[in-house]
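Peer 1: Can you look at this prediction? I've put the sequence above it.
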Amino acid sequence: MDNGTAIPEYEEDNYGDGSGPEPCQNTEVRQMAAQLLPLLYSLVFISGFVGNMLVVLTLINCKKLKSMTDIYLLNLAISDLLFLLTLPFWAHYATSQWNLGNTTCKFLTALYFMGFFSGMFFIVLLTVDRYLAIVHAVFALKVRTVTSGVVTSGITWVVAVLASLPQIIFTRSQKEGPRYTCSSYFPLGQYHFWKYFQTVKITILTLVLPLLVMIVCYSGILKTLLRCRSEKKHKAVRLIFAIMIIYFLFWAPYIIVLNLTTFQSFFGLETCSTVSRLDRAMQVTETLGMTHCCINPIIYAFVGEKFRRYISVFFRKHVAKRLCRHFPVLQRDVSERMGSVYTRSTGEQEISTGL
């Protein structure tokens with residue numbers, strides 16, 4: 001693992017100036033990565049791509065992007081898709097070496113980090129959006145508009161690009177011993193600064209900031225919901241706790257291992273056996289964090305009853321019709337189901353959780 005980054009590189013750090021410690025041999029770690037990571041990355045890619053594409057198609061075709069929440073959900077799905085699109089290349093990289101050239105190395109690094117950071121930022125925006133909708137409902141009517149959603153989304157993408165720039169600039173492909181790598185090469189004499197900077201930046205932007213926002217916003221949401229008399233109150237409260245707990249469980253282990261790996265000397269973890277264990281832990285925790293992209297569609301979209309109905313309409317309207325062309329016997333059943341969906345009462349209300 002290229003310490004201080006989120007790129008799946010399983011070589012030792014490339015110090016650039018010879019100032020780093022003498023690297024340990026990580027042959028066993030690379031062999032484990034070559035055996036396990038391609039399968040794991042493939043599973044994450046397939047499930048995440050299908051789920052997020054379904055969210056995108058449903059939002060565009062059925063919900064028509066009529067609210068700020070829809071805009072944020074769409075951008076979150078796009079962020080996850082950018083992140084996921086790089087996984088097949090990292091899976092191939094884990095099996096042998098980097099043989100796709102320097103331009104592709106930088107391009108995929110850009111996609112990876114833009115998706116990585118923007119995904120976290122849109123989770124924060126969805127949390128704030130949910131907070132405004134429930135706690136400050138009157139004020140929310142003025143600010144929770146589609147225009148505001150588009151503007152804040154544009155600003156978020158700019159911030160995500162800026163957060164990704166250092167890693168994009170310092171990442172390149174070059175030959176390391178017998179194999180080519182795609183990893184970070186920090187400037188001469190500045191290895192430790194950039195290594196520490198990257199880790200602190202990732203820790204703040206992807207763990208500390210989101211958790212602080214979630215704690216503040218969801219505390220206010222819970223207080224409001226507990227005063228609200230509704231049959232669906234407890235379901236909404238469970239959903240809120242699930243969002244916080246799942247986010248923390250998926251990303252906290254990776255951030256902790258990343259900090260232990262980066263600040264090895266501070267924690268006294270400089271022996272080769274310890275380094276090897278940290279590298280294995282990095283592989284496991286990073287893959288766990290990646291799977292959060294597969295969970296996002298479930299947390300932010302599929303748990304909503306209205307969204308499930310939109311997905312049902314989308315399937316029957318677009319998928320079932322195509323199937324009926326090839327299997328006419330299904331046409332009658334589909335038509336009846338379509339009728340029941342469209343005549344269902346739309347007066348049923350859900351607790352406003354922003355979904």
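Peer 2: Sure thing, it's come through. Please read these numbers as outputs of a predicted model, since none were measured by experiment.
Peer 1: Could you tell me whether S173 really is in a strand?
Peer 2: Yes. Assessed with DSSP: H, G, I helix; E, B strand; the rest coil, S173 lies in a strand.
Peer 1: wait, what's in contact with it?
Peer 2: By CB atoms under 8 Å, 6 or more residues apart in numbering, the contact set of S173 is 98, 100-102, 104-105, 180-182. For every residue, glycine as well, the C-beta is placed using N, CA and C.
Peer 1: What's the separation between it and L126?
Peer 2: S173 is 36 Å from L126, where distance means CB to CB, to the nearest Å.
Peer 1: on that earlier part again, tell me the two of the contacts of S173 that are most distant?
Peer 2: T104 and T181 (13.1 Å; CB to CB).
Peer 1: Looking at these two, which is more packed in?
Peer 2: When T104 and T181 are compared for neighbours, T181 comes out ahead with 22 against 14, by other CB atoms under 10 Å.
Peer 1: now the helix or strand where that one lies: mean pLDDT?
Peer 2: Assignment of secondary structure by DSSP states H and E places T181 within strand 179-184. Mean per-residue pLDDT for strand 179-184: 86.
Peer 1: Give me the sheet partners of that strand and which way each runs.
Peer 2: strand 171-176 (antiparallel) (DSSP bridges).
Peer 1: If we go by neighbour counts, what in the strand it pairs with is buried?
Peer 2: Neighbour counts over strand 171-176 (16 or more other CB atoms under 10 Å) mark 171-173 as buried.
Peer 1: could I get the residues you listed as a markdown table with distance to M120 and pLDDT?
Peer 2: Formatted as a markdown table, the buried residues of strand 171-176 follow (distance: CB to CB, whole Å; pLDDT from 0 to 100):
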| residue | distance to M120 | pLDDT |
| --- | --- | --- |
| T171 | 20 | 92 |
| R172 | 25 | 90 |
| S173 | 27 | 89 |
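Peer 1: Out of the residues you listed, which is nearest to V55?
Peer 2: T171 (29.6 Å).
Peer 1: My guess is the closest one contacts L108. True?
Peer 2: No. In this structure T171 lies outside contact range of L108 using CB atoms under 8 Å: 9.2 Å.
Peer 1: so what's in contact with the two at the same time?
Peer 2: Shared contacts of T171 and L108 (CB under 8 Å, 6+ apart): C182.
Peer 1: report the longest helix in the protein, please.
Peer 2: In the chain, ranked by residue count with DSSP state H as the criterion, the top helix is helix 101-135.
Peer 1: tell me the secondary structure for L188?
Peer 2: Per three-state DSSP, the secondary structure class of L188 is coil.
Peer 1: Just read off the phi/psi values of it.
Peer 2: Main-chain dihedrals, L188, degrees, to the nearest 10: phi -60, psi 130.
Peer 1: With distance to F89 as new columns, can the contacts of S173 be given to me in a markdown table?
Peer 2: A markdown table is the format used below for the contacts of S173 (distance: CB to CB, whole Å):
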| residue | distance to F89 |
| --- | --- |
| W98 | 9 |
| L100 | 7 |
| G101 | 12 |
| N102 | 14 |
| T104 | 8 |
| C105 | 9 |
| Y180 | 13 |
| T181 | 13 |
| C182 | 9 |
